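Trainee: Sequence first, then the predicted structure:
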Amino acid sequence: MSTNDPQQQMIRDAMQAIAQRKPGKTKLVYDKTKRTIVAVAEGSQTPRALNITADDADMFAVATVSSVWLRQNWPQLLAEGNVRCQFSSWDDGDALTQCNLGPLPSASVAQAAIILAGGGASVDDVTLRIDLKPIKEAEATPSDFVAPDGTWYRASGSNSEQSVSTIFADVQPELATRRSGILETTILADKSVLLIGLGTGGAHAALELAKCGVGRFALVDRDRLSVGNVVRHPGGISQVGRFKVRVVRDLILEKNPDAAVTTHVLDLNFASKEELKKLIAESSIVVCGTDNRPSKLLVNQLCIEANVSAIYGGAFRRAFGGQVLRVRPKVSPCHQCFVAAMPDEASDVEISSSSDAADIAYSDLPVAVEPGLSLDVLPIANMVAKLALTELLKDKPTTLRALERDYDAPWYLWLNRPEPATPYSDWPPLSESSDEMTINRWYGIYFDRDSECPVCGNFLSNIAANYGLNLDNFSVPQSAAGATSMPVPTED
Amino acid sequence: MWTTEQRQRLYVEHETLQREGFTQFSVYHNKDNDTYYASGYATSNSGRRYGLYITIPSNYPHARPMMYVTDPLPLLMSDGRRLAALGLSHYMHTLEPSSNGMVQICHWREARWHSGIMLFKVFLKGHLWIEAYEQHLATGRNLSEFVGTMAETA
């Protein structure tokens, strides 16, 4: 049959339209009388059941190969004729994704080989083989692969049962293209974010920043992911038992494979102060999502000393709302100023685990674990990420800089519901309020720095001035060991 | 071990005690092991004397100092039992005692402590605890019935 046969041309057009999942001028139907597939004009009346759709035609498994990995291994491929690798096998082999693309392989892994023409003699033991054949550049399509020497190759994959359609993924350029509409593609690649506390909120903020293209992360947390965490945390049931820093690292790399991520299983206290100080000094910004005051105040102190801005986010009990504090050292109020100015607000924290409860209980009176819904934590985490992003873009020419004007307050308040026995319990319903405060809105709130703050202000010099003290000549009464007349407490 | 700013802070704490009417208390530097503590005797309204001793942690003022009743020792409850034996007690506002049986007063819980709180306020809370303790001795009721858990103020 001639290739100029109109029926053949229509079938070809229809097949291409189906492959590209685009509407075409013709469609394929099964002709019962001819007992074969024919192409008909789009408007033709045919029984719907006999129409062939893209889903009907979607019969090949798909293998996705990392272009970056293949370019890196090209010398070996040239030298040996083939190179072996592994693919995650998803959905009974329907999708095969090269393990090198991301950090989280599937439970089932397929052994594979990528083979140059003639180099497949020694790869009979693999499940998946992908043969590369050189083609002319003029014939190349976006689905073909260009080798480091500029030669174009077309891939044909197969396993023991069927042909496997092969896709080459150049991950970073493709991700950058998706961000480029709103954010200049690589603008955040050199920025480093230190995230302290990787519970639901901290982990979510980390992933949002990864999706924005932040290039470097340092993750600090002491806890492992528990089964109970999974209902809220981005980490899933398959990750239970792992340290949260490692779970979140892998989730970040799933979103931004080129990110540099370091993990630190660290309890925040005086003993870890020096390590924390070093991490802060290396960071563009610090995001603190811990749920207790001592750790926040420690981070605050070190960030002020290092002159690094920090964002503190947290949910109130049972996540009925939450707050975010942005601290620009010596410019806006620090967390110590916040504690001094609004002690109740600063102490209302979500109690999401038994260790949080134990920290707060402090005595023989138990405190209930009262975690909130992920749904109610995420607005706060989103705000944390947005404020962090705004800070990271401060010295960058970007359209998002306009947010600097709007995010001008140091403290942001959000309410998910009018919790009983709180100052917010009688807020009006959304439908009845025009300019009163309501739930589900962010409120930016001003308050002043405390000029006498012991962390960012002149606490000591102010008292010294009031009492006429000379701080250069500091001394207190001396006492030799055992010299006091009073019995003293001893520790084990 | 101690930063200049910490030593200046402790000097200011000592001078503040002297200037704010807490002259019975002082901050001391133990030159033998380069540690600091604050101590002195508080006198209750009934005229009884109580020794108060505050250990200064090495990350003071960012960490909460611990305050003990050193005298009388042992400190007894109204029923004659040793108060230190209760350990952590919400109803008596006490934390873990020292290993030699001195009662630790819960003045600020760890989660509420911040570096803006000065030692004279800690001693002030010590005074309040002592008054409540004496009410406990007189009535047999829990100490928490005389001093509630204080709402936090700056």
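Mentor: On my side now, so go ahead. Numbering: from 1, shown residues only, chains lettered A, B, ... in the order given.
Trainee: For B:Gln8, the count of nearby residues, please.
Mentor: 20 (other CB atoms under 10 Å in any protein chain shown). Any C-beta I mention is one placed from the backbone N, CA and C, and that applies to glycine too.
Trainee: check whether the longest strand that chain B contains contacts chain A.
Mentor: Ranked by residue count under DSSP state E, the longest strand found in chain B is strand B:35-43. Yes - judged by CB under 8 Å from any CB of the partner chain, strand B:35-43 comes into contact with chain A through B:36-37, B:39, B:41.
Trainee: Strands along chain B, start to end?
Mentor: Going by DSSP E, chain B shows strands at B:25-30, B:35-43, B:49-55, B:66-71, B:94-95, B:103-105.
Trainee: Turn those strands into TSV, including mean neighbour count.
Mentor: Output for the strands of chain B, formatted as TSV (neighbours: other CB atoms under 10 Å in any protein chain shown):
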stretch	mean neighbour count
strand B:25-30	20
strand B:35-43	19
strand B:49-55	21
strand B:66-71	24
strand B:94-95	22
strand B:103-105	24
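Trainee: mind listing what the most centrally placed residue in chain B touches?
Mentor: The centroid of chain B falls nearest to B:Met67 when counting by CA atoms, centre = their mean (3.1 Å). Neighbour list for B:Met67: B:52-54, B:104-105, B:107, B:122-123, B:125-126 [criterion: CB atoms under 8 Å, 6 or more residues apart in numbering or on different chains].
Trainee: Go again with 6 Å.
Mentor: The neighbourhood of B:Met67, defined by CB atoms under 6 Å, 6 or more residues apart in numbering or on different chains, consists of B:54, B:105, B:107, B:122, B:126.
Trainee: How about A:Thr97?
Mentor: A:64, A:88.
Trainee: how far away is B:Glu20 from B:Trp129?
Mentor: As judged by CB to CB, to the nearest Å, B:Glu20 and B:Trp129 stand 19 Å apart.
Trainee: More neighbours: which of those two?
Mentor: Neighbour count, other CB under 10 Å: between B:Glu20 and B:Trp129, B:Trp129 has more, with 25 against 14.
Trainee: which residue packs closest to that one, ignoring adjacent ones?
Mentor: B:Ile105 (4.8 Å; CB to CB, 6 or more residues apart in numbering or on different chains).
Trainee: The one you found contacts B:His127, correct?
Mentor: No - counting by CB atoms under 6 Å, B:Ile105 does not reach B:His127; the two are 10.3 Å apart.
Trainee: With distance to A:Pro148 as extra columns, can I get the strands of chain B in JSON lines?
Mentor: JSON lines is the format used below for the strands of chain B (distance: least, CB to CB, whole Å):
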{"stretch": "strand B:25-30", "distance to A:Pro148": "69"}
{"stretch": "strand B:35-43", "distance to A:Pro148": "65"}
{"stretch": "strand B:49-55", "distance to A:Pro148": "67"}
{"stretch": "strand B:66-71", "distance to A:Pro148": "66"}
{"stretch": "strand B:94-95", "distance to A:Pro148": "67"}
{"stretch": "strand B:103-105", "distance to A:Pro148": "70"}
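Trainee: any chance of those strands in a markdown table, with mean pLDDT too?
Mentor: A markdown table is the format used below for these (pLDDT from 0 to 100):
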| stretch | mean pLDDT |
| --- | --- |
| strand B:25-30 | 94 |
| strand B:35-43 | 95 |
| strand B:49-55 | 96 |
| strand B:66-71 | 96 |
| strand B:94-95 | 92 |
| strand B:103-105 | 96 |
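Trainee: List just the nearest of the residues of strand B:35-43 next to chain A to chain A.
Mentor: Chain A has its nearest neighbour among those in B:Ser39, at 5.8 Å by CB to the nearest CB.
Trainee: That closest one - nearest residue in space that isn't next to it in sequence?
Mentor: Nearest to B:Ser39 is B:Tyr53, by CB to CB, 6+ apart, at 4.5 Å.
Trainee: My guess is that neighbour contacts B:Tyr68. True?
Mentor: Yes - assessed by CB under 6 Å, B:Tyr53 is found in contact with B:Tyr68 at 4.9 Å.
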